[in-house]
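Peer 1: How does the following fold in three dimensions:
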Amino acid sequence: MQFLNLCLSIPNLDTIIFYVIFVILIPYYLISSGDYESLKYYLPGLVMAAVTLTEAGKPNLFVNLYPNPCNQRTFNGFLSTNIINGLAVVGILINSLAITMTSNSISLGLVTGLITFAITFPLAQQILPYFIREVDYLFKTQARLYLPGNWHMYMAGLIFSALLLCIQYIMLIGFTSYILTIQ
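Peer 2: Below you'll find the predicted structure:
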């Protein structure tokens, strides 16, 4: 029992578990299976997952995983945020370069990168936490549901992340067909 208490008292254990699963194991599996197509879409999605876990886990869980830049008080939070952002940028660049090379269209690769960047960073970093907080407020005040845990916040983040990815897909399909008809 002392070992379990020791394990649960390790600072940033939740962040370590996130990194082991989502940053090491899943990309390793995608690379070892040769599924590079999924990897280049998975890496920008890490930002949405980290934002959801950080916002829904407040005040006790995932505090240093992806803190708001205004509230970054620890080096761990700063480092974690920049590692996740770096992986997302790598995924966006790989995707943009692959599309540029396969379609022989620099403008198509540029537009793809810009759309993915706009969805991944400004929208996921600013609007996703706001949406999660609003859902939490609605559940606690309007619906007057007092359920244990923050499952509604995690679910709201997951649903809004899926919505952002759908918007990104629709925009990419629309702009791709438009750019290819111009050339």
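Peer 1: Which of the three states applies to Leu61?
Peer 2: coil (DSSP: H, G, I helix; E, B strand; the rest coil).
Peer 1: residue contacts, it?
Peer 2: The neighbours of Leu61, taking C-beta atoms under 8 Å, 6 or more residues apart in numbering as the test, are Asp14, Leu53. Placement of C-beta: from N, CA and C, glycine included.
Peer 1: mind running it again at 10 Å?
Peer 2: Residues counted as contacts of Leu61 (C-beta atoms under 10 Å, 6 or more residues apart in numbering) are Leu13, Asp14, Thr15, Leu53, Thr54, Asn150.
Peer 1: most surrounded residue in the residues you listed?
Peer 2: Of all these, Thr54 has the most neighbours under the rule other C-beta atoms under 10 Å, reaching 26 neighbours.
Peer 1: Now do the contacts for it.
Peer 2: 14-15, 18, 61-68, 77, 80-81, 129, 132, 157.
Peer 1: With Phe117 instead?
Peer 2: Counting by C-beta under 10 Å, 6+ apart, Phe117 touches Pro44, Ala88, Val89, Ile92, Leu93, Ser96, Leu123.
Peer 1: mind listing which of the contacts of Thr54 are in helices?
Peer 2: Taking DSSP state H as the definition of helices, the contacts of Thr54 contribute Asp14, Thr15, Phe18, Gly77, Ser80, Thr81, Pro129, Ile132, Gly157.
Peer 1: Look up the closest residue to the second one, ignoring the ones flanking it.
Peer 2: It stands for Thr15. Residue nearest to Thr15 in three dimensions, not counting chain neighbours: Leu65, with 4.8 Å by C-beta to C-beta, 6 or more residues apart in numbering.
Peer 1: From Lys58, how far off is the one you found?
Peer 2: 11 Å (C-beta to C-beta, to the nearest Å).
Peer 1: Compare those two (neighbour count), which wins?
Peer 2: Each of Leu65 and Lys58 has its neighbours counted (other C-beta under 10 Å); Leu65 has more, 26 against 17.
Peer 1: backbone phi and psi for the more buried one, please?
Peer 2: Dihedral pair for Leu65: phi -80, psi -50, per degrees, to the nearest 10.
Peer 1: Distance of Arg73 relative to Leu13?
Peer 2: 19 Å.
Peer 1: whoops, I mixed them up, Gly57
Peer 2: 12 Å.
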